[in-house]
Structures are given as structure tokens and as C-alpha cells.
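Student: Pasted the sequence and its predicted model underneath.
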Amino acid sequence: MWTNLGTPDKTPAVMGDKTELDTIWKALLERIRVEGAGSLLDVYLANSSPVARLGETLVVEVSNRFTKEKLEKEHSREVEAVMESLGAGISNLKYEIRSGADSAARPAPAPMPQATIPVPAKKPVVAGEANLNPELTFDNFIVGKSNAYPHAIAKSVSVNPGKVYNPVYYYGGVGLGKTHLMQAIGHEILRNNPSARVLYVSSEVFHNEYIDYIQNRKPWDKFRRKYRDIDCLLVDDVQFFEAGERIQEEFFHTFEALKNQRKQIVLTGDKTPPQLEKMHERLRSRFASGVVADVIVADFELRVAILKSRAEEENMVVPEDVIRYIAERVSNNIRELRAVLHTVIAKASLLNLPLSVVLVDEVLRSTTGPQKPRELTLEMIQAEVCKQFDVRQEELVGRRRDRRVVRPRQVAMYLCRELTGKTLMEIGQAFGKKDHTTVLHSCSKVEKEMAKDSVVEENVEKLRIQLREKLG
Ligand code: ADP
Ligand code: MG
């Protein structure tokens, strides 16, 4: 029915046709991957699938009870809000555990005494155990000018794991293909050698597992074996290791153990190793000790090729002008690029509209919204303070000295000093050409008041949070 888009006799998608449900589901996943970056929500949803639609309710099968609880208790509003924004007329999701699935509620078996732990036989790891997403393979990875170098590294490492470059460290912004490349390496190693033991893990999951082992006194040996007794370890988004010293220590030993056995390590991060300021120097230097490759923004031709391949995978005929239009407008994130295409396709299908640039515009307006800035400006801080204390901007930067305006003015100066890199002089200028000593005086006044009065402190903290939320 996809190729029939736009024909007047197309049946509206309300009764839960499987293809329709899958399309809606894919659009939801793409959107969540864009918006929920950093959370594990996309992982929970990726292992779930829609099974039926009952009016406004979508019934979704999940793989175990843990996922069901996470989705119901922590993410239900978020998922439903995204679902509603797709315009498919679905506002509720009902999660059911897939029959025959692991209930995940079994109590863990009692740990065996150390001495009797058998040495595990080298058993082949299937893609599922390697924790790889079946879609992130080299077959699905489009190569263009901008990603030819990181791709070539990935290819050569998968033919010769542990031998050519070790570790491989990919860095770059979000949605550019780092995870895809890293997982493609894992798939390819397994394809060349099905008994290879490959493991993909995000640094957050590694960290959480580490904490879980410590807090619940689980057999430590098991953790070590899991991460050290393997042939290839893929660790995604290592910048999150910056959160703690102990996890860095643990990861350092994992790294060394693998490296010494000439096992392949692949890492990704959002910065270069030297830029990971909170990372211990010995880890930074290890990260940089193999090959470091920049995954850059896809060039226009590559964006077009990716969109075309996606459309083809969906068996969709998408007009060339629509493809180019999307590629022109969504330039710095491949995840976003795919999400826009999916939403356009879903919307065209559900509303029985032709695939056109007008529809793309509509989708872009409703999904991307205004871009968030990277840094706070003095004006943004002033505006937020004015809003909270209900004073006007002229009053805030003016000369009046009554209490109603003095307090907000001091708080605003304090936050400008704390949250921007501006000098005292620059801040003074922005507050009606006041002297830098006035700014300094205001800052220490606020500090003292915060120490004395928790209401003041809370107010300042609330402003801080609101201001940080404005950042992209
Ligand atoms: P990152 O890890 O850099 O944030 P991902 O690897 O998750 O980015 O990529 C974001 C999305 O874009 C994924 O769905 C991925 O499959 C897709 N993608 C990225 N690069 C390519 C490519 N060259 N060809 C096809 N799809 C790609
Ligand atoms: Mg990633």
C-alpha cells in the first residue's frame, strides 16, 4: 500500500494494519532517538513491537517485565507525548510482555563458591548476546566523501581485529554515525568468525552494571569475565565515564586486560581524547594510542544517498525533489534526517496526502522547532530574572535602589557571573553602565544571602535550572 500513497480510495489506517503499525512505530523510534538522546528509552523501545491498535490505544509487546515497568513507570508520558505529536491519532500505549519471553523476575541464582566457578567454555556469541542492533551493519551504512575515512578504518579493523588499529576511537557530534560504525564492526567480526566473542555496551550501562555489582555484592569475577574474556569490546559514548573516578579506574583495567591480550577495542566519544577534561590522563592517553578518527557531518550528496536508501528500504517511492529538500534543510544530524523522512512518510500515509515539499515544511515546523542556543547571554539571564521577579528590563538595568528591584538586579548579576564567561566589566556595562565593583559587591551580597536564607538559595537554583534548560 505504500506505493499507493495519495490515491483517494486508500483505506485509512485505523484498524491496526501491521504495516501501518510498523510505520508508526518506526517513526516513534526515530523521534525518540532524536529527542531522548542519552536516555535508555530507545533501547527499551527498540526491543518492543506494536501488535494491535484499539482505537486510540496501541498495544505493544515488550521483551520482559523490567522493560514493561520502566516504560510504564518512567517513560509513559514522554512516549505518549511523542506518539501524539506524530498525528496518528494514538494517545495511549498499553504494554504487554511477549508470550514466552523472559519474565526477568526470576531471582538470581545463588552465587557459587569462588573455587568451584567453572572456567566457561569459549562459546560462540550470537548477535543478540553481543548486544548489537541488527540494523547497524555495513550493508546499511552508506559511504560518501565525508565518512570514507572512518568507514575504511572500520572495515580494516573488522577483517583484522586486534591487529591493525587498537583501540579505534571515533569522535564527533550526535547523530553522525559513530554508533552505527562501531556496531557494524561488531557484526562484521561475527560474520567473519561466528565464534568470536563480541560485546557492545554503552558507557552508562557499563557504569550502572558496575554499581549494581558493587551494591549488591554480586560475584565480581562474573563482571570481569563478561568484559575481559572476549575478543572485541565496543564501548559507546565514553564521555560518560567522566562522571566518576572509580568507574574510570575499573575501565582502565578492563582496557589494559583486553589490550594486553591483543583484543580489539572500539570506543566512541563526543570529544577528542585530550578534550575529555575530567578523564584521568592515563585513560586519555590510552584512548589516543591507536587511531583517532573524526566522524564529521555528512555532506549533501551523502545525505541524499542516505535518504534514498531509507526510502528504498521502506519500499517507498519518494520524489527526488522531496529527498533533496529534506537533505538541504536537515544538515547536521543523520538521525534527525531519517526521523524527518519517516515522519513525512507516516503523515502522508495516515492523512492520505501526497509526498511533497509542502508536507516536509509542515513536518519540519512541527518537529524541529527553534534551535536552542549553545551559550547563555547576559540578555537571556536578565529576561529570565525579570520574569521570575516580575520586574521590567528597564528597571533591572536602571538606577533605582528600592528593594523590589535591587534584589533581582543582584541575583541577575550573580547569575551572569556564574553562567557566562563575561568579565565583571562587561556585566556592569550590560546593567546600565555600572562599575565592576558594583557587580562584585552584588555577587558577594547574593552569596551571603544564599548562605543565610534557603528561600533565596532555592530561587537562585530554580533560575539556574530554567536557564540551563534553554541551552541546546
Ligand atoms: P551517533 O552515534 O554518532 O550519535 P548513530 O550511529 O546513532 O550516530 O547514527 C544516527 C542514525 O543515523 C542511525 O539511525 C544510523 O543508522 C544512521 N546513520 C548514520 N550514518 C549513516 C550512514 N552513513 N548510512 C546510513 N545510516 C546512517
Ligand atoms: Mg551514538
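Tutor: Okay, I see it. Ligands and ions are numbered 1, 2, ... in the order given.

Student: Any idea which helix or strand in this protein has the lowest mean pLDDT?
Tutor: helix 41-46 (a mean of 72; mean pLDDT, DSSP states H and E).

Student: That one and ligand 1, any residue contact?
Tutor: No: shown here: helix 41-46 not in contact with ligand 1 (CB under 6 Å from any ligand atom), separated by at least 9.4 Å. Yep, even glycine has a C-beta here, placed from its N, CA and C like the rest.

Student: partners of the next helix-or-strand element following that helix in the sheet?
Tutor: The helix or strand immediately downstream of helix 41-46 is strand 49-54, counting by DSSP states H and E. Sheet pairing of strand 49-54 (DSSP bridges) gives strand 57-62 (antiparallel).

Student: Tell me which residues of the strand it pairs with come out buried.
Tutor: By 16 or more other CB atoms under 10 Å, the buried positions in strand 57-62 come out as Leu58, Val59, Val60, Glu61, Val62.

Student: CSV please, covering these and showing pLDDT and distance to Ala293.
Tutor: Output for those, formatted as CSV (pLDDT from 0 to 100; distance: CB to CB, whole Å):
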residue, pLDDT, distance to Ala293
Leu58, 90, 40
Val59, 89, 43
Val60, 90, 38
Glu61, 88, 39
Val62, 82, 36
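
Student: Can you say which of these are also within reach of ligand 1?
Tutor: Contacts with ligand 1 within the buried residues of strand 57-62, counted by CB under 6 Å from any ligand atom: none were found.

Student: ok, now which ones touch the spatially closest residue to Gln393 that is not a sequence neighbour?
Tutor: Ranked by CB to CB, 6 or more residues apart in numbering and with sequence neighbours excluded, the top spatial neighbour of Gln393 is Cys386, at 5.5 Å. Going by CB atoms under 8 Å, 6 or more residues apart in numbering, Cys386 touches Arg392, Gln393, Leu396, Pro408.

Student: Which residue ranges of the stretch 101-250 of the chain form helices?
Tutor: Remark: helices assigned in the stretch 101-250 of the chain by DSSP state H, counting those that start in this stretch are 148-159, 178-192, 203-215, 220-228, 245-260.

Student: Looking at those helices, which is nearest to ligand 2?
Tutor: Ranking the helices of the stretch 101-250 of the chain by their distance to ligand 2 (criterion: CB to the ion) puts helix 178-192 first, at 3.3 Å.

Student: Is the closest one positioned near ligand 1?
Tutor: Yes: interface with ligand 1: helix 178-192 contributes Lys178, Thr179, His180 (CB under 6 Å from any ligand atom).

Student: Surely the last one and Leu136 touch.
Tutor: Pointing back at His180 there. Yes: here His180 reaches Leu136: they are 4.7 Å apart, a contact under CB atoms under 8 Å.

Student: Counting neighbours, what do you get for Lys218?
Tutor: For Lys218, the count of nearby residues is 14 (other CB atoms under 10 Å).

Student: Tell me the pLDDT of it.
Tutor: pLDDT for Lys218: 91.

Student: Likewise for Thr19?
Tutor: At Thr19, the model reports a pLDDT of 75.

Student: For Gly421, give its distance to Arg33.
Tutor: 32 Å (CB to CB, to the nearest Å).

Student: what touches both of His180 and Leu136?
Tutor: Between them, His180 and Leu136 share no contacting residue, judged by CB under 8 Å, 6+ apart.

Student: For Glu96, grab phi and psi.
Tutor: Main-chain dihedrals, Glu96, degrees, to the nearest 10: phi -130, psi 150.

Student: how close does it get to ligand 1?
Tutor: Glu96 sits at a distance of 27 Å from ligand 1 (criterion: CB to the nearest ligand atom, to the nearest Å).

Student: need the contact list for that residue.
Tutor: Contacts of Glu96 by CB under 8 Å, 6+ apart are Val51, Val59, Val60, Glu61, Val62, Lys68.

Student: which residues does the fifth one bridge with?
Tutor: Pointing back at Val62 there. Note on Val62: beta-bridge partners by DSSP bridges are Ile97.

Student: So, low pLDDT: which residues of the chain?
Tutor: Counting by pLDDT under 70, the chain shows low-confidence ranges at 1-16, 34-40, 43, 66, 100-128, 367-373, 472.

Student: Would you map out the domains in it?
Tutor: 14-97, 145-294, 372-469 (automatic domain parsing).

Student: With distance to Glu336 as added columns, please give these in a markdown table.
Tutor: A markdown table is the format used below for these (distance: least, CB to CB, whole Å):
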| stretch | distance to Glu336 |
| --- | --- |
| domain 14-97 | 5 |
| domain 145-294 | 6 |
| domain 372-469 | 14 |
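
Student: mind putting those domains in CSV, distance to ligand 2 included?
Tutor: Shown next, in CSV, are these (distance: least, CB to the ion, whole Å):
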stretch, distance to ligand 2
domain 14-97, 8
domain 145-294, 3
domain 372-469, 20
